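Enquirer: Next comes the sequence, and after it the predicted model I'd like to discuss.
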Amino acid sequence: MSVTAAKGFTAAGVIAGIKASGRPDLALVVNEGPDAHAAAVFTSNRFTAAPVQWSREVIADGRLAAVVLNSGGANACTGSAGLADAKQMAEWTAAEVGCDTTDVAVCSTGLIGVRLPMDAVLTGIELARQDLATTGGPSAAEAICTTDTVPKEAVHTSPEGWTIGGMAKGAGMLAPALATMLVVITTDAVVEPDALDAALRTATGFTFDRTDSDGCMSTNDTVIAMASGASGVTPDAAEFSEALTGVCADLARQLLADAEGSAHDIEVRVEGAATEADALAVARAIARSNLFKCAIFGNDPNWGRVLASAGTVPAEYDPEHVDVAFNGVRVFVDGQLGTDRSEVDLSGREVLVEVHLHAGDASAAIWTNDLTYDYVKENAEYSS
């Protein structure tokens, strides 16, 4: 039930008429309490969408009673009018659920530079309020989809009696800085805002921030976590942080698996780095190489493209002592030719590329996908 798996939450997803396709396009998630604690992380894109500007301001006090989300329009690069629209969405939602306007976050996704049809948005908010239910998580997850082929949901239930649930949307523009696309996470654990914020930033740092599908950062990326405290259980901080990271990792992998047109899910793992920052820099450079991604699409373990990408960042290592492996086959060893690339099988969906720098003990991984004909077609026709 994703965001309604945790006690104290209701949700709904409805057809408001924002999308020309007539598919579900507005979702509402409400925290019934007793707590209204919340935290969030947002895109670092300088062209920040109006909903992000609004939500960043209202989350500052660590409280949220509701989140209203729409697909079918990003409300980004729409100026002061767009910001007024985001505020209006919060005001309408607050009136419907009976809370303060400043306790409502707003999320939007879709085409940039187009005003939302506010009459339809109002209709959707009213309909969603009528449909709110403790079983409404799946419908909410469906309503935030754009080019997604499936909704993304995840749940963790602790033996101690508390639960974390989450939903996400995203299938392109997955190259985040602290967040990725739209994600709402709920928990019925008793967690104070500061602790929730710390756990969320740790979780996103190890998951969404390392999911790099296409090197393109959205203007609307938002991850929101809300805690109702309805279980009455205060979890161990480390245990809660680990569980939250697990839910975010689950959602991040689902985002990657649904990446537009992809045929391979790729983990680029860099080991033996002098620092974690070096490992991340090398892994991200490889993951963002279109040549590398095209090679994987063609089932070609082209280790030369891996090395060429790794060499573009100022990490500390000796190029004469680097190893590269594809799915466990070491094709480049200690700066020399290794096993022939013909021994590598890339016919499966999962691909593991390992690079060992022999410069230290640090490691990091980036999750990405290949670059296919379908990705180009999807994005060539996105606005049409």
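Expert: Structure received.

Enquirer: show me what contacts Ile185?
Expert: By CB atoms under 8 Å, 6 or more residues apart in numbering, the contact list for Ile185 reads 3, 164-166, 200, 223-226, 244, 247-248. (C-beta placed from N, C-alpha, C; glycine too.)

Enquirer: Would you mind listing where this protein has pLDDT under the threshold?
Expert: Residues of the chain that meet the criterion pLDDT under 70 lie in 171-180, 213-216, 260, 379, 381-384.

Enquirer: and it, what are its domains?
Expert: Domain segmentation of the chain under automatic domain parsing yields 2-257, 265-380.

Enquirer: Moving C-terminal from the top helix by length along the chain, which element do we reach first?
Expert: As assigned by DSSP state H, the longest helix anywhere in the chain is helix 237-257. Sequence-wise, the next helix or strand downstream of helix 237-257 (DSSP states H and E) is strand 265-273.

Enquirer: Each with direction, which strands does that next one pair with?
Expert: Using DSSP bridges, strand 265-273 pairs in its sheet with strand 350-356 (parallel), strand 362-369 (antiparallel).

Enquirer: Identify each buried residue in the first one, please.
Expert: Pointing back at strand 350-356 there. By neighbour count with 16 or more other CB atoms under 10 Å, strand 350-356 contains the buried residues 351, 353-356.

Enquirer: Turn the residues you listed into JSON lines, columns for distance to Asp209.
Expert: Listed next are the buried residues of strand 350-356 as JSON lines, based on distance: CB to CB, whole Å:
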{"residue": "Val351", "distance to Asp209": "21"}
{"residue": "Val353", "distance to Asp209": "19"}
{"residue": "Glu354", "distance to Asp209": "21"}
{"residue": "Val355", "distance to Asp209": "19"}
{"residue": "His356", "distance to Asp209": "23"}
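
Enquirer: and the longest helix of the chain with strand 362-369, angle?
Expert: Angle, helix 237-257 to strand 362-369, by axes from the mean of the first three to the mean of the last three CA atoms, to 10 degrees: 40 degrees.

Enquirer: Distance from the chain centre to helix 237-257, please.
Expert: Relative to its chain's centre, helix 237-257 lies at 10 Å (CA atoms, centre = their mean, to the nearest Å).

Enquirer: Give me the helices and strands touching it, please.
Expert: When contacts are defined as 3 or more CB pairs under 8 Å, 6 or more residues apart in numbering; DSSP states H and E, helix 237-257 packs onto strand 152-157, strand 163-169, strand 182-187, helix 193-206, strand 265-273, strand 362-369.

Enquirer: Pull up the gap between Leu307 and Asn75, please.
Expert: Using CB to CB, to the nearest Å, Leu307 is found at 43 Å from Asn75.

Enquirer: When those two are compared, which one has more neighbours?
Expert: For the pair Leu307 and Asn75, the greater number of neighbours falls to Asn75 (32 against 16), based on other CB atoms under 10 Å.

Enquirer: list the contacts for the more buried one?
Expert: With contacts taken as CB under 8 Å, 6+ apart, Asn75 has the following neighbours: 49-51, 82, 85-86, 108, 115-116.

Enquirer: Going by distance to Asp209, which of those wins?
Expert: Proximity of the contacts of Asn75 to Asp209 (CB to CB) peaks at Ala49, which lies at 18.8 Å.

Enquirer: circling back: just put the helices and strands packed on helix 237-257 in JSON lines and tack on distance to Ile144.
Expert: Formatted as JSON lines, these follow (distance: least, CB to CB, whole Å):
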{"stretch": "strand 152-157", "distance to Ile144": "9"}
{"stretch": "strand 163-169", "distance to Ile144": "4"}
{"stretch": "strand 182-187", "distance to Ile144": "6"}
{"stretch": "helix 193-206", "distance to Ile144": "18"}
{"stretch": "strand 265-273", "distance to Ile144": "22"}
{"stretch": "strand 362-369", "distance to Ile144": "21"}
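
Enquirer: from these, which stretch is densest packed?
Expert: Comparing the helices and strands packed on helix 237-257 by mean neighbour count (mean count of other CB atoms under 10 Å), strand 182-187 comes out on top with a mean of 31.

Enquirer: Each with direction, which strands does that strand pair with?
Expert: Paired strands of strand 182-187, with direction, are strand 163-169 (antiparallel), strand 222-227 (parallel) (DSSP bridges).

Enquirer: okay if I get these as CSV plus distance to Thr123?
Expert: Formatted as CSV, those follow (distance: least, CB to CB, whole Å):
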stretch, distance to Thr123
strand 163-169, 21
strand 222-227, 23
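
Enquirer: before we move on, back to that, pick the most buried one from the domains of the chain.
Expert: Counting by mean count of other CB under 10 Å, domain 2-257 has the highest mean neighbour count of the domains of the chain, with a mean of 22.

Enquirer: how long is it from one end to the other?
Expert: For domain 2-257, the separation between the terminal residues is 18 Å (CA to CA, to the nearest Å).

Enquirer: One more: stretch 38-55?
Expert: Start-to-end, stretch 38-55 (CA to CA) is 11 Å.

Enquirer: Quick check: Asp148 touching Met181?
Expert: No: if you go by CB atoms under 8 Å, Asp148 and Met181 don't touch, sitting 9.2 Å apart.

Enquirer: Can you check which residues contact both of those two?
Expert: Shared contacts of Asp148 and Met181, counting by CB under 8 Å, 6+ apart, come down to 169-170.

Enquirer: Closest one of the buried residues of strand 350-356 to Asn70?
Expert: Val351 (35.1 Å).

Enquirer: Pull the contacting residues for the closest residue to the closest one other than its chain neighbours.
Expert: Leaving aside its sequence neighbours, Val351 sits nearest to Ile266 (CB to CB, 6 or more residues apart in numbering; 4.6 Å). By CB under 8 Å, 6+ apart, the contact set of Ile266 is 287, 293, 296, 351-353, 367-370.

Enquirer: if we go to 6 Å?
Expert: For Ile266, the contacting residues are 296, 351, 368-369, by CB atoms under 6 Å, 6 or more residues apart in numbering.
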